[in-house]
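In: fold the following, please.
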Amino acid sequence: MLFGISRPFVFTPASGGAIKTLPADERGLASSLVGEARQIGAVLGVAALGSIIATSELSGRRGASSTGLQAALVAAAEASLIAAIVVRVTFSTSEERSTPRLSGNEMSAPHPATDPS
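Out: You can find the predicted model right below:
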């Protein structure tokens, strides 16, 4: 449930940030590629989590179905956390490099277009 709730807060900013860095004429193509990557990732994710559940069930242990499901959910949560950290570090670093830092004096200086003198 936590994975489903957190998904829009991770994937939307990540894809938006990646697309925003491209020139305007390439953003449509990039948006469709991001959509395709999501679809492929969803298919591979379901397959990987299904194999984790099946492996636990095939082990022949009692209660293996719930153990396999729990292991699959833990793996999904770990993957989501790692992806969120990578995206945060990647995009915060690139924004910090491209955003000029203003000192207090520059922020309070009058704008030339609105300066009456």
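
In: what residues sit buried inside the helix or strand harbouring residue 86?
Out: In this structure, residue 86 is located in helix 64-98 according to DSSP states H and E. The neighbour-count check on helix 64-98 (16 or more other Cβ atoms under 10 Å) flags 64, 68, 71-73, 76, 80, 84, 87, 91 as buried. Using the backbone N, CA and C atoms, a C-beta is placed for each residue, glycine as well.

In: which residues does the nearest residue to residue 83 once chain neighbours are set aside contact?
Out: Spatial nearest neighbour of residue 83, chain neighbours left out: residue 10 (6.5 Å); criterion: Cβ to Cβ, 6 or more residues apart in numbering. With contacts defined as Cβ atoms under 8 Å, 6 or more residues apart in numbering, residue 10 is in contact with 80, 83-84, 87.

In: mind checking the SS state of residue 8?
Out: helix (DSSP: H, G, I helix; E, B strand; the rest coil).

In: relative to residue 16, how far out is it?
Out: In this view, residue 8 and residue 16 are 11 Å apart by Cβ to Cβ, to the nearest Å.

In: the more surrounded of those two?
Out: Comparing residue 8 with residue 16 by other Cβ atoms under 10 Å, the one with more neighbours is residue 16, at 12 against 9.

In: check the more buried one and give its pLDDT.
Out: pLDDT, residue 16: 83.

In: with residue 8 instead?
Out: 75.

In: re earlier: check which helices and strands the helix holding residue 86 is in contact with.
Out: helix 2-20, helix 27-58 (3 or more Cβ pairs under 8 Å, 6 or more residues apart in numbering; DSSP states H and E).

In: for the longest one, which positions count as buried?
Out: Across helix 27-58, burial judged by 16+ other Cβ under 10 Å covers 30, 34, 45, 49, 52-53, 56.
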